[in-house]
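> predicted model, plus sequence, below.
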2 protein chains.
Amino acid sequence: MSEKRDVNSLLDLDFLQKLVVAIGEVAEITGVPTRKIRYWEEKGIISSVKEGEGATRRYDYLNIKKILLIQELMDEGFTLDAAAKKVENRMKNINEVFFRLVNNVQSNEEN
Amino acid sequence: MSEKRDVNSLLDLDFLQKLVVAIGEVAEITGVPTRKIRYWEEKGIISSVKEGEGATRRYDYLNIKKILLIQELMDEGFTLDAAAKKVENRMKNINEVFFRLVNNVQSNEEN
DNA sequence: CAACCGTTGTAATTAGGTTACAATTAACGT
DNA sequence: ACGTTAATTGTAACCTAATTACAACGGTTG
């Protein structure tokens, strides 16, 4: 069975981290308009990457997640800053879990 | 512990499926030039989605994976068609595994 | 009511993508 | 050697998407 290989191939988290998308796509995915996303970024609440000078921004999936979570909390009545703080804590957890997963996948690869 | 929630939040495969990126980004990720990607698509080997009429194409992560795998096989000496066929088989497996994972995550959610 | 928060509008500019037509390069069979 | 096919690349004209900066708006709070 080459199934383990297929699973690892599918859950290639290293690859997932490279998967960064343009702002229009993020707006489509999250339902948060581009203008708002840029505003949150101006305020330092989320962040994007720029490949080169004068290039367009790209958001990784952790930041997209963040946008979704913040929007959810704001819908519940949190202020932007409060929502951001709350999400920040959850993100720490998510990052930890993430690294643990990366390690698991890597040790499975050695079989 | 809200860890299970965080894991599910991280591995939100439903969300992952929405994560589609523009051709330039695919080129960056895979190292395969945009022109070549479009050529492979013309030949029907990979596929993209278009949101509306006259919009730009977007590739989901399974298709990006496909591009990577095909390029690898071609580097080993396979022809394009042979590589495509081989990858097609692996993709079937990957899709199966994928659906199984989606179901697992969903049943975990019921706890 | 003044100040702030969160958001949105828009115009001008730049970046990125599409299409179609054509050319190139290498391998394959006769 | 020759025509053929496979795989790729170049490019021009056109269209779509993103950026920046400046401004404005409605709601809330002191």
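Now that the structure is in, tell me what you want to look at.

> which residues are in contact with the closest residue to DNA strand D within chain A?
Nearest to DNA strand D in chain A, going by C-beta to the nearest atom of the strand, is A:Gly24, at a distance of 2.5 Å. Where C-beta positions appear, they are placed from N, C-alpha and C, glycine not excepted. By C-beta atoms under 8 Å, 6 or more residues apart in numbering or on different chains, A:Gly24 lies in contact with A:Thr34.

> how close does the residue lying closest to A:Ile23 once chain neighbours are set aside sit to DNA strand C?
Nearest non-adjacent residue to A:Ile23, counting by C-beta to C-beta, 6 or more residues apart in numbering or on different chains: A:Thr34, 5.0 Å away. Separation of A:Thr34 from DNA strand C (C-beta to the nearest atom of the strand, to the nearest Å) stands at 9 Å.

> kindly report the same for A:Lys43.
Taken as C-beta to the nearest atom of the strand, the span from A:Lys43 to DNA strand C is 7 Å.

> what's the burial count for that residue?
11 (other C-beta atoms under 10 Å in any protein chain shown).

> ok, and the closest non-adjacent residue to it?
Closest residue to A:Lys43 apart from its sequence neighbours, by C-beta to C-beta, 6+ apart: A:Leu80 at 7.5 Å.

> is the helix or strand A:Lys92 falls within positioned near DNA strand C?
Element membership for A:Lys92 (DSSP states H and E) is helix A:80-108. Yes: interface with DNA strand C: helix A:80-108 contributes A:80-81 (C-beta under 7 Å from any atom of the strand).

> tell me what that helix is packed against?
helix A:3-10, helix A:13-18, helix A:61-75, helix B:3-10 (3 or more C-beta pairs under 8 Å, 6 or more residues apart in numbering or on different chains; DSSP states H and E).

> next one, pLDDT for the residue nearest to A:Ile23 please.
As predicted, A:Thr34 sits at a pLDDT of 97.

> what's the spacing between stretch A:18-35 and its chain's center?
On the basis of C-alpha atoms, centre = their mean, to the nearest Å, stretch A:18-35 sits 11 Å off its chain's mean C-alpha point.
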